[in-house]
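Chemist: sequence and computational prediction follow.
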Amino acid sequence: MHEQQKRLDFEGRVKIVSGQSTVRAQRIEYYWEDRQSYCYGQVQIRNGPDSLYAEYLAYDFTSGLARARQEVYLYHAQNLAHVWGQRALYDPQQRFSQVVGRAHLLKPDTSSGDTLNIFAHTLQFYNDSSQRRALALDSVRIEQGRLKAVCDTAEYFVDQDRALLHPDPVAWYDHTVNCAAG
């Protein structure tokens, strides 16, 4: 315990529970006055049915703001979505998430079996009450069943199940000739 810093250090399969949030890691530095934690090694945070895994996590127990890096994996239970990347930010007050660095979204389609895969440098998720949407930025590649597409930016409107690809997207089905918009 570091009283001047108002800090507790925990090591060895640590678990901290606060409300609906549970944080696990090999080592956690917890600043009790700020309710801030820095977690290292095999980090897992669960908030209700959703989970985030990484090698490093900075987590604010008051606001729910989380910043993760190194081998990040997120699971969103409501959407049955899996997301991987190198760095992640989750801001529940803004209802915003972002994954950066070799980002990959995998969303199984339980009705048709056509799993949706989106690969990009950055994936952003907006979950406000008026419109849930995902944004893929930079070197976007989309695969769903035999349909493939590439573009610079893709927007996916969750509730309408509609995607907008731009600028100059190229899409193809199976081995057919490529077709481009524009």
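Modeler: Happy to help now that I have it.

Chemist: mind listing the strands for this protein?
Modeler: 7-18, 21-31, 36-47, 50-60, 66-76, 81-91, 96-107, 116-127, 132-144, 147-157, 162-166, 170-173, 179-180 (DSSP state E).

Chemist: which stretches of this structure have low pLDDT?
Modeler: By pLDDT under 70, the weakly predicted segments of the chain are 1-4, 176-182.

Chemist: I'd say residue 73 and residue 84 touch.
Modeler: Yes - here residue 73 reaches residue 84: they are 5.4 Å apart, a contact under CB atoms under 8 Å. C-beta coordinates here come from the backbone N, C-alpha and C atoms, glycine included.

Chemist: about what we covered before: want to try JSON lines for the strands of the chain, with mean neighbour count as columns?
Modeler: JSON lines is the format used below for the strands of the chain (neighbours: other CB atoms under 10 Å):
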{"stretch": "strand 7-18", "mean neighbour count": "14"}
{"stretch": "strand 21-31", "mean neighbour count": "19"}
{"stretch": "strand 36-47", "mean neighbour count": "20"}
{"stretch": "strand 50-60", "mean neighbour count": "20"}
{"stretch": "strand 66-76", "mean neighbour count": "19"}
{"stretch": "strand 81-91", "mean neighbour count": "20"}
{"stretch": "strand 96-107", "mean neighbour count": "19"}
{"stretch": "strand 116-127", "mean neighbour count": "19"}
{"stretch": "strand 132-144", "mean neighbour count": "18"}
{"stretch": "strand 147-157", "mean neighbour count": "18"}
{"stretch": "strand 162-166", "mean neighbour count": "15"}
{"stretch": "strand 170-173", "mean neighbour count": "14"}
{"stretch": "strand 179-180", "mean neighbour count": "11"}
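
Chemist: what touches both of residue 73 and residue 84?
Modeler: With CB atoms under 8 Å, 6 or more residues apart in numbering applied, the contact sets of residue 73 and residue 84 do not overlap.

Chemist: so what's residue 124 bridging to?
Modeler: Assessed by DSSP bridges, residue 124 has beta-bridge partners residue 98, residue 135.

Chemist: what sits against it?
Modeler: Per CB under 8 Å, 6+ apart, neighbours of residue 124: 96-98, 134-135, 137.

Chemist: now do 7 Å
Modeler: 98, 134-135 (CB atoms under 7 Å, 6 or more residues apart in numbering).

Chemist: can I get those residues in a markdown table including distance to residue 145?
Modeler: Shown next, in a markdown table, are those (distance: CB to CB, whole Å):
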| residue | distance to residue 145 |
| --- | --- |
| 98 | 27 |
| 134 | 19 |
| 135 | 22 |
